[in-house]
Each structure stands twice: as structure tokens, then as C-alpha cells.
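Participant: my questions are about this predicted structure, shown below with the sequence.
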Amino acid sequence: MNMLLLNKLSELPKKYTITERLPKTQFSTLYKGFDQETEKQIVIKQCLYHNDFRREVIASVKIFAKGYNEHIVPVLASYPDTRILVMPYLEAGLVWDLRRKKKGLTPEEVLDITAQTGKALEQVHAVGIIHNDIKSGNILLTGSEKSDQKLTAKLTDFGLSCCQIPRLEPDRGAGTREYSAPEKFKTSGTLTSAVDIYSLGLMIHEMLTNTLIYGDISYSNRLDDSDIEKILHQRAKPIPAHEKIPEKILPVIRTACEYKPKNRYRNVTEMISALEKAVHGV
């Protein structure tokens, strides 16, 4: 076994064969592998923190109890002692990479990706789970642009997911802060599915403009009160117009990204419906 691999991987069932190490993420180490029983390629994900592992497992169990969803990457197996998750390997890119490659997507492409992500979130929210880290780097795209095969969006990484309950302690914007709703930076209150709607609204802006609207903030690892004040002041302003955002789509983004959760779309289905009307001019 490659010396780069963690010793704990030797405790995996023998049916799994590790073939290569994949680029690691901030909170996990990833490996490509092969399941000899199913004869399928897999991803072996070792979470750095037990809480991330636990959230991934709980979310997957609850979500898929409602049935299979082609737009969500499932957990196939989990091993608590080693914090290892086994997931299907997908020949896929990221929405993040696609929008950078094309220097912004068309309204039709944005609608397609957003609608598919919305189908994932409908099922996630239906069981009382909040993804809590919606961003273009957590949406995989399978298929090929160069063929007739349609790109399929798949939501992944539930390591920060949570239930819709009051927070017992502050998280100060846990997750990817450039996509975070303002209420996530406050020290109390209840997080709801509205945080995912907010992040999805920012993702629409990003896909169209090829920019992160809040990507110019200099974040310290630990936010102090002045950081929080600056962030909340910035997010209190309406999303500005942009030459790459069609006039009819801008109100959709602004509604999704309202400062107060109660002023956003009531659910992701309502949001997707509004975006579809804006794109097709219905």
C-alpha cells in the first residue's frame, strides 16, 4: 500500500481496493478505489472530524429513506471507528470549474443546473435537513458537454448539514463564508432551509457573472465583531445589477438573497418556478 495512505485504511473490509489518492479537501482525505463485490469504482472519504462524518451519515440515512434521488450523491457504507465513508465514484466535474472554463454560463444552463440542484434540495428539506454549504464546488456534473448526453447535477458533501433547530452555540458563519446567509454570522437563532435558498441565489449570480459577489472579503480564521459588522452591512444591501444578469433574473436573485429569511422564497420549488419564468419569459 502507498505510504501516503493513512494506516487506518488497512482496517477497511478486504473487498475494497485502493487505486489512487485524489486531491484532498479542507476537511477530508479522498481516495479512488474499487469494490470487488459490486465491481464498481468507489470513492473512499476519510473525514478529519467525527462531527462531519456523523452529519454525512445521518443526512444520507434520512434523505434516502424518502427514496433514491439521482441528484444527490449517496453514502454506500460507513465505518465510524475510522471516520470513513464509501461513496460511488463519478466521472464528473464541478459547476465551479464549468463556469470558470466558460467565463460564465448562459441563463438556460444556469436554469438547468439550478433546477436539478433544487430537486435535490426539495428532498433534503422535506426530511428537515439543511445542507448548510451550497456552493458551486459542492455540485458535481456528470455527463459530457461534447455529446448528446445531458449534464446531470449531483449535490454532495453533507459534512456541515444540520437540522432546523435552534443553535446552542455560535458558529460564526460555519461553512463557505462567501456563500453564507447573514443569519449564519449571528450568535443565536434558528437556521432554516432559507440559508440554502440564499446560497443558491448567490450561486445563480456566480454562474451568470463568473464572479463571487462576496469574494473580495478578507476573512480571518476567527471572525471578530468588526468582521461580523462588515459582513452583515454588506449583505444588507440589495444584490446589484450586473451586465451579465438579464433584467428578469435579477429580481429572482434578489428575492433569494433577501437579508431577512422570511422575505426569501418560501421553498426551493417556488424559487425554481420563478427562475424558470424569468428565463423563458413566461
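Facilitator: Okay, I see it. Nothing here was measured: the structure is a model prediction, and the numbers come from that model.
Participant: what about the strands in the stretch 101-250 of the chain?
Facilitator: Taking DSSP state E, counting those that start in this stretch as the criterion, the stretch 101-250 of the chain contains strands spanning 129-130, 139-142, 152-155, 162-163.
Participant: of these, which approaches Pro74 most closely?
Facilitator: Among the strands of the stretch 101-250 of the chain, strand 152-155 comes nearest to Pro74, with 9.7 Å by C-beta to C-beta. (C-beta placed from N, C-alpha, C; glycine too.)
Participant: how far away from the center of its chain is the longest helix anywhere in the chain?
Facilitator: Taking DSSP state H as the criterion, the chain has its longest helix at helix 107-126. Per C-alpha atoms, centre = their mean, to the nearest Å, the displacement of helix 107-126 from the mean C-alpha position of its chain is 11 Å.
Participant: pretty sure Leu98 sits against Leu140.
Facilitator: No - in terms of C-beta atoms under 8 Å, Leu98 does not count as a neighbour of Leu140; the distance is 10.6 Å.
Participant: who are the packing partners of the longest helix of the chain?
Facilitator: Taking 3 or more C-beta pairs under 8 Å, 6 or more residues apart in numbering; DSSP states H and E as the contact definition, the neighbouring helices and strands of helix 107-126 are helix 50-64, strand 139-142, strand 152-155, helix 194-209, helix 268-280.
Participant: just name the most buried of those.
Facilitator: helix 194-209 (a mean of 25; mean count of other C-beta atoms under 10 Å).
Participant: let me see the mean pLDDT of that helix.
Facilitator: In this model, helix 194-209 has a mean pLDDT of 98.
Participant: likewise stretch 263-272?
Facilitator: Average pLDDT, stretch 263-272: 98.
Participant: ditto for stretch 240-251
Facilitator: Across stretch 240-251, the average pLDDT comes to 97.
Participant: ditto for stretch 24-33
Facilitator: Mean pLDDT, stretch 24-33: 89.
Participant: just the CA coordinates for it, please, in CSV.
Facilitator: Listed in CSV are the C-alpha atoms of stretch 24-33, where the atom choice follows Å, rounded to 0.1, in the frame of the first residue of the first chain:
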residue,chain,number,x,y,z
LYS,A,24,-7.8,16.3,-0.6
THR,A,25,-10.3,18.8,0.6
GLN,A,26,-10.1,21.1,3.7
PHE,A,27,-11.9,18.6,5.9
SER,A,28,-11.3,15.2,4.4
THR,A,29,-8.8,12.9,2.5
LEU,A,30,-10.1,11.2,-0.6
TYR,A,31,-9.1,8.0,-2.4
LYS,A,32,-10.3,6.3,-5.5
GLY,A,33,-11.0,2.6,-5.1
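Participant: what's that stretch in contact with?
Facilitator: In this structure, residues lying in contact with stretch 24-33 by C-beta atoms under 8 Å, 6 or more residues apart in numbering are 5-6, 9, 16-23, 41-49, 52, 86, 89, 157, 159.
Participant: inside helices: which ones of those residues?
Facilitator: Asp52.
Participant: in the longest helix of the chain, which residues are buried?
Facilitator: For helix 107-126, burial by neighbour count (16 or more other C-beta atoms under 10 Å) applies to 107, 109-125.
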